[in-house]
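S.K.: A predicted structure for the sequence below; I have some questions about it.
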Amino acid sequence: MKSHWMKLAFVLALAVVGCSEQVVERTETRPLVRIGVARQGVTFVDALRVQGTVRAKDAAGVSARIPGTLDAVFVDEGARVKKGDALFQVDRQNLENAVRAAKDDLAMAKAKLMERLFAGAAVTKDALEKAQVAAKSATAALEAAQATVTKAETGLAVSEKNLSDSCVRAPYDAVVTRKHRNVGDYVGPGVCVFQVENPSVYEVSFSLNAVHFARVKPGKTIVRLAQPLAGKRDLAITYRSPTVNAVTRTFEVRAQLPRTEDVAAGMLLDGEIVFASHKGQGVPSSAVADRGGSEAVFAVVDGKAVRIAVETGLETDGWREIVRPALGSEKKIILEGMLLVNEGDEVRTKDDSL
């Protein structure tokens with residue numbers, strides 16, 4: 001009986017040992033990390049995300065040149081006009097009457113001048129020598145008559161100019177985008193009747209913080225559109241405002257857009273202002289962390305994590321630039337999971353070289 005109990009105890013002991021070994025096999029304390037090598041020749045971009053507004057490069061508010069009643073409107077909103085096409089007419093009847101009156105004044109002044117010339121024709125040289133007082137009087141009268149003619153001619157020219165200005169024409173090939181006044185309204189200089197814009201040339205305008213003022217170089221700095229237009233993604237900055245707004249502390253930059261059917265004034269476009277671009281070595285941003293007050297990556301050497309202090313640069317599309325030291329292809333860098341390890345920790349690895 002004693003022998004039986006001893007055998008049973010031995011079997012139970014073996015079972016306990018076996019269970020203990022199974023528990024050890026299931027417990028793995030080493031973290032699993034993904035490793036690889038740094039990528040060379042990654043393009044890093046120093047850029048600023050922006051949102052801009054599309055507008056016509058050439059746009060104008062067309063006003064009457066003279067005061068008066070709006071007699072006629074020849075186009076409507078949405079109309080395409082050519083340079084010189086008539087847009088509207090102001091107070092034509094009154095201006096035509098003014099021209100006729102000016103012509104009558106001129107004709108009368110010329111008639112009086114002829115009378116003076118005819119009267120002066122009898123004043124010969126001999127007569128002038130004999131009657132200087134009469135000659136001087138005739139000459140003064142003649143000069144006065146000539147001055148009256150000149151004044152009448154000037155009045156006619158002004159009246160004709162006003163009549164011409166009463167019909168306002170398109171300043172360039174354009175689309176009428178807004179009509180502000182209707183027939184019968186009283187208009188004058190500074191009172192906008194139509195808003196027009198040239199649809200052949202668009203530009204996009206961005207507002208930047210003043211800290212970037214010196215970094216923008218017209219003709220060199222580019223804006224990279226998030227959604228390319230007409231196959232173009234990079235547009236050259238063509239304009240930078242010469243001053244900074246004293247209230248908002250911002251300044252304006254513009255870039256010319258290609259003319260396409262999917263572009264219209266008032267649209268918003270997303271993009272980034274690219275100040276600089278260069279190639280360098282990089283790792284995924286997740287491979288870099290702040291450890292001990294400085295940035296570092298971890299390499300795996302003989303199954304253990306080894307901290308490498310690094311100097312980083314730009315970050316672009318999830319990649320972080322490693323300025324120094326050079327991370328050659330022989331170094332296996334922890335790309336994912338580095339937050340789980342410390343210097344000297346043993347790790348399990350999954351090699352997934354870039």
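M.R.: Ah, there it is.
S.K.: ok, which stretches of the chain are helices?
M.R.: 2-26, 92-121, 125-130, 132-165 (DSSP state H).
S.K.: what's the spacing between Leu225 and Ala236?
M.R.: Distance, Leu225 to Ala236, using C-beta to C-beta, to the nearest Å: 12 Å. C-beta coordinates here come from the backbone N, C-alpha and C atoms, glycine included.
S.K.: quick one, which of the two is more surrounded?
M.R.: Neighbours were counted for Leu225 and for Ala236 using other C-beta atoms under 10 Å; Leu225 has more, 19 against 13.
S.K.: which non-adjacent residue is nearest Lys331?
M.R.: Leaving out its chain neighbours, the residue that sits closest to Lys331 by C-beta to C-beta, 6 or more residues apart in numbering is Ala299, at 4.9 Å.
S.K.: residue contacts, the one you found?
M.R.: Taking C-beta atoms under 8 Å, 6 or more residues apart in numbering, we find Ala299 in contact with 305-306, 308, 331-334.
S.K.: okay, stretch 296-311 in PDB with CA atoms only?
M.R.: In PDB, the C-alpha atoms belonging to stretch 296-311 read as follows (Å, rounded to 0.1, in the frame of the first residue of the first chain):
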ATOM      1  CA  ALA A 296      17.300  59.100 -30.400                       C
ATOM      2  CA  VAL A 297      16.700  55.900 -32.400                       C
ATOM      3  CA  PHE A 298      17.300  52.400 -31.300                       C
ATOM      4  CA  ALA A 299      19.400  49.800 -33.200                       C
ATOM      5  CA  VAL A 300      19.400  46.100 -32.500                       C
ATOM      6  CA  VAL A 301      22.800  44.600 -31.800                       C
ATOM      7  CA  ASP A 302      23.200  40.900 -30.800                       C
ATOM      8  CA  GLY A 303      19.500  40.800 -29.900                       C
ATOM      9  CA  LYS A 304      19.600  43.900 -27.600                       C
ATOM     10  CA  ALA A 305      18.400  47.500 -28.000                       C
ATOM     11  CA  VAL A 306      21.200  50.000 -28.400                       C
ATOM     12  CA  ARG A 307      20.300  53.700 -28.100                       C
ATOM     13  CA  ILE A 308      21.800  56.100 -30.800                       C
ATOM     14  CA  ALA A 309      21.500  59.800 -30.200                       C
ATOM     15  CA  VAL A 310      20.600  61.600 -33.400                       C
ATOM     16  CA  GLU A 311      20.200  65.100 -34.800                       C
END
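S.K.: pLDDT below threshold where in the protein?
M.R.: Within the chain, the ranges that satisfy pLDDT under 70 run 1-26, 92-107, 109-149, 151-153, 155-165, 230, 352-354.
S.K.: in it, which residue is most central in space?
M.R.: Ser205 (2.0 Å; C-alpha atoms, centre = their mean).
S.K.: correct me, but that residue touches Arg55?
M.R.: Yes: contact criterion C-beta atoms under 8 Å: Ser205 and Arg55 qualify, at 6.2 Å.
S.K.: domains in the protein, by residue range?
M.R.: 32-42+279-351, 48-57+200-278, 65-91+166-199, 92-164 (automatic domain parsing).
S.K.: return the residues in contact with Phe194.
M.R.: 61-62, 75, 87-88, 176, 178-180.
S.K.: returning to what we had before: drop anything exposed from the contacts of Ala299.
M.R.: Buried residues within the contacts of Ala299, counting neighbours by 16 or more other C-beta atoms under 10 Å: 305-306, 331-334.
S.K.: ok, those vs Leu269, which is closest?
M.R.: Among those, Ile333 lies closest to Leu269 (C-beta to C-beta), at 37.9 Å.
S.K.: which two among the buried ones among the contacts of Ala299 are spaced furthest apart?
M.R.: Of all pairs in the buried ones among the contacts of Ala299, the most separated under C-beta to C-beta is Ala305 and Lys331 at 12.5 Å.
S.K.: coming back round to it: for the buried ones among the contacts of Ala299, could you give me TSV that also reports distance to Lys279?
M.R.: Putting those into TSV (distance: C-beta to C-beta, whole Å) gives the following:
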residue	distance to Lys279
Ala305	29
Val306	27
Lys331	20
Lys332	23
Ile333	19
Ile334	24
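S.K.: looks like Lys304 contacts Arg348 (just checking).
M.R.: No: at 11.4 Å, Lys304 does not count as touching Arg348 under the criterion of C-beta under 8 Å.
S.K.: stretch 80-88: which residues count as buried?
M.R.: Buried residues in stretch 80-88 (16+ other C-beta under 10 Å): 81, 87-88.
S.K.: likewise stretch 63-80?
M.R.: For stretch 63-80, by 16+ other C-beta under 10 Å, it's 63-66, 68-71, 73, 75, 79.
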